[in-house]
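Enquirer: Fold the following.
(one chain, ligands or ions: 2)
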Amino acid sequence: MLYVKDKNFISKENTVVTFGKFDGIHNGHRLLIEKAVRIGHEQGIKVVLCTFNMDNWNAKPQKAITTPDERAYICEKYGIDVLYEYPFDNEIAGMLPEEFLKYFLKEKLNAKFVVIGADWRFGKNRSGDAALLKAYEDKYCYSSYVIEKETYNNTEISSTWIRNEIEKSDLSTVKKLLGYDYFFKGKVVHGKQLGRTIGFPTLNLIPSPNKILPEYGVYESEVVIDNHMYKGVTNIGIRPTIDDGTYVTVETFVLDFDEDVYDSDVIIRLKKFIRPEQKFDSVNGLKKQLEADIAFVRG
Ligand SMILES: Cc1cc2nc3c(=O)[nH]c(=O)nc-3n(C[C@H](O)[C@H](O)[C@H](O)COP(=O)(O)O)c2cc1C
Ligand SMILES: Nc1ncnc2c1ncn2[C@@H]1O[C@H](COP(=O)(O)OP(=O)(O)OP(=O)(O)O)[C@@H](O)[C@H]1O
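Expert: Ligands and ions are numbered 1, 2, ... in the order given. Model prediction:
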């Protein structure tokens, strides 16, 4: 997969394009991607997911289900050929709907097919909709497909709903809406190395400050290292027993694993909430609880 962030990117080849924020790439988004990938295969053309980087636009970065790197990882798995993360700016914000279509579909992406969700809006003040996209098909030589909103329990699936469920630590609902376990992907960093002195070396990630976190606490997890999957016990929080609690870590004790993985890229999938993070009176108290957490996960 090609991951492009350059405003000047142009596709000379014909493409099928899908547009949106795609935070989390949930089961609704997946329908759009599946449709686009099917068209791409049938037509022998590239599948482009076009999204916008709002970093220079929003005063405060929005909290997200997936980091850009995690979203790229899912896009690749789902068969996207080009992830185009366009830097949103005044020029784009000011484009009339027709200008937006002309610019992205004709001039930049050579789109022959476009797949969108029924409520997708584009152009200045979000004034363009699916009907307008259809109206310009002949003029700009593409066909459009509009996908109805996917629901779960009669409610439309949205990234906003999922962000709320993550904050409530309702991982089973989160999984039903996303279609996969909520996960962290990142590089293993050095911790205080205290874990190994108490018999529990941990693999530490520093979550992106923009990532939505569930409740601080201990979770049953699965850890993917070098394409191998291991069981794990993960603590998300500020380690009040041993630290000054100024920054959040995602720390995992990996069962039946004893290798140096510093700087490796790993995935931690959260399976189940076990207990809230606690401040223990002593490291020994923490150690006893860790033994119990691990025994619980071992089953
Ligand atoms: C399964 C698990 C549960 C944990 N629970 C707590 C906790 O309840 N309270 C706490 O202060 N720290 C908790 N921790 C964090 C430990 O304090 C930390 O992993 C340990 O001190 C090692 O830190 P280091 O990797 O920086 O050396 C937990 C860690 C793990 C892996
Ligand atoms: N439940 C859904 N079913 C089908 N398509 C969807 C669904 N939700 C969003 N889409 C479509 O997927 C694309 C990307 O959606 P986008 O991420 O912008 O919105 P969203 O998922 O509703 O998130 P938010 O809650 O942040 O508005 C858009 O074309 C949108 O219409």
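Enquirer: just the helices in the stretch 101-250 of the chain please.
Expert: Shown for the stretch 101-250 of the chain, the helices assigned by DSSP state H, counting those that start in this stretch span residues 130-135, 137-140, 159-167, 171-178, 194-197.
Enquirer: and the third one, what other elements does it pack with?
Expert: The reference is to helix 159-167. Under the contact definition 3 or more C-beta pairs under 8 Å, 6 or more residues apart in numbering; DSSP states H and E, helix 159-167 sits against helix 171-178. All C-beta spots, glycine's among them, are computed from the backbone N, C-alpha and C.
Enquirer: quick one, strands of the stretch 101-250 of the chain?
Expert: Here the stretch 101-250 of the chain has its strands, by DSSP state E, counting those that start in this stretch, at 111-117, 143-147, 151-152, 155-156, 183-187, 203-205, 217-225, 228-237, 249-254.
Enquirer: How about residues contacting the third one?
Expert: Here strand 151-152 makes contact (C-beta atoms under 8 Å, 6 or more residues apart in numbering) with 27, 157, 176, 177.
Enquirer: near ligand 2, which of the residues you listed show up?
Expert: Contacts with ligand 2 are made by residue 157 out of those, judged by C-beta under 6 Å from any ligand atom.
Enquirer: Per-residue pLDDT of residue 299, please?
Expert: We have a pLDDT of 89 for residue 299.
Enquirer: okay, now it: neighbour count?
Expert: Residue 299: 6 surrounding residues under other C-beta atoms under 10 Å.
Enquirer: Tell me how far it lies from residue 231.
Expert: 9 Å (C-beta to C-beta, to the nearest Å).
Enquirer: What of residue 85?
Expert: Counting by C-beta to C-beta, the gap from residue 85 to residue 231 is 34 Å.
Enquirer: Go ahead and flag the most central residue of the protein.
Expert: Note on the chain: the residue nearest the mean C-alpha position is residue 66, at 2.4 Å, using C-alpha atoms, centre = their mean.
Enquirer: quick one: it and residue 29 touch, right?
Expert: No: if you go by C-beta atoms under 8 Å, residue 66 and residue 29 don't touch, sitting 10.7 Å apart.
Enquirer: on that earlier part again, the helices of the stretch 101-250 of the chain: which one's closest to ligand 1?
Expert: helix 194-197 (3.2 Å; C-beta to the nearest ligand atom).
Enquirer: what about that closest one and ligand 1, touching?
Expert: Yes: Helix 194-197 is in contact with ligand 1 by C-beta under 6 Å from any ligand atom, via 194, 195.
Enquirer: repeat for stretch 176-192
Expert: Yes: using C-beta under 6 Å from any ligand atom, we find that stretch 176-192 touches ligand 1 at 191, 192.
Enquirer: gap between the two ends of that stretch?
Expert: Stretch 176-192 has an end-to-end distance of 36 Å (C-alpha to C-alpha, to the nearest Å).
Enquirer: need the contact list for residue 115.
Expert: 16, 17, 18, 32, 35, 36, 39, 144, 145, 147.
Enquirer: Mind putting the residues you listed into CSV with pLDDT and distance to ligand 2?
Expert: Formatted as CSV, those follow (pLDDT from 0 to 100; distance: C-beta to the nearest ligand atom, whole Å):
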residue, pLDDT, distance to ligand 2
16, 98, 14
17, 98, 11
18, 98, 7
32, 98, 5
35, 98, 10
36, 98, 11
39, 98, 15
144, 98, 11
145, 98, 11
147, 98, 5
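Enquirer: which residue does the protein bring closest to ligand 1?
Expert: residue 191 (2.6 Å).
Enquirer: was I right about that residue contacting residue 249?
Expert: Yes: counting by C-beta under 8 Å, residue 249 is a contact partner of residue 191 at 7.0 Å.
Enquirer: Find the residues that touch each one of those two.
Expert: Common contacts of residue 191 and residue 249 (C-beta under 8 Å, 6+ apart): residue 204.
Enquirer: Convert the C-alpha atoms of stretch 213-224 to CSV, please.
Expert: The C-alpha trace of stretch 213-224 is given here as CSV (Å, rounded to 0.1, in the frame of the first residue of the first chain):
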residue,chain,number,x,y,z
LEU,A,213,-8.2,5.4,26.2
PRO,A,214,-10.4,3.1,28.1
GLU,A,215,-10.5,3.2,31.9
TYR,A,216,-7.0,2.9,33.6
GLY,A,217,-6.7,-0.7,34.7
VAL,A,218,-5.7,-4.2,33.9
TYR,A,219,-6.9,-6.0,30.8
GLU,A,220,-6.6,-9.5,29.3
SER,A,221,-4.8,-9.0,26.0
GLU,A,222,-3.3,-10.6,22.9
VAL,A,223,0.1,-9.4,21.8
VAL,A,224,1.4,-9.7,18.2
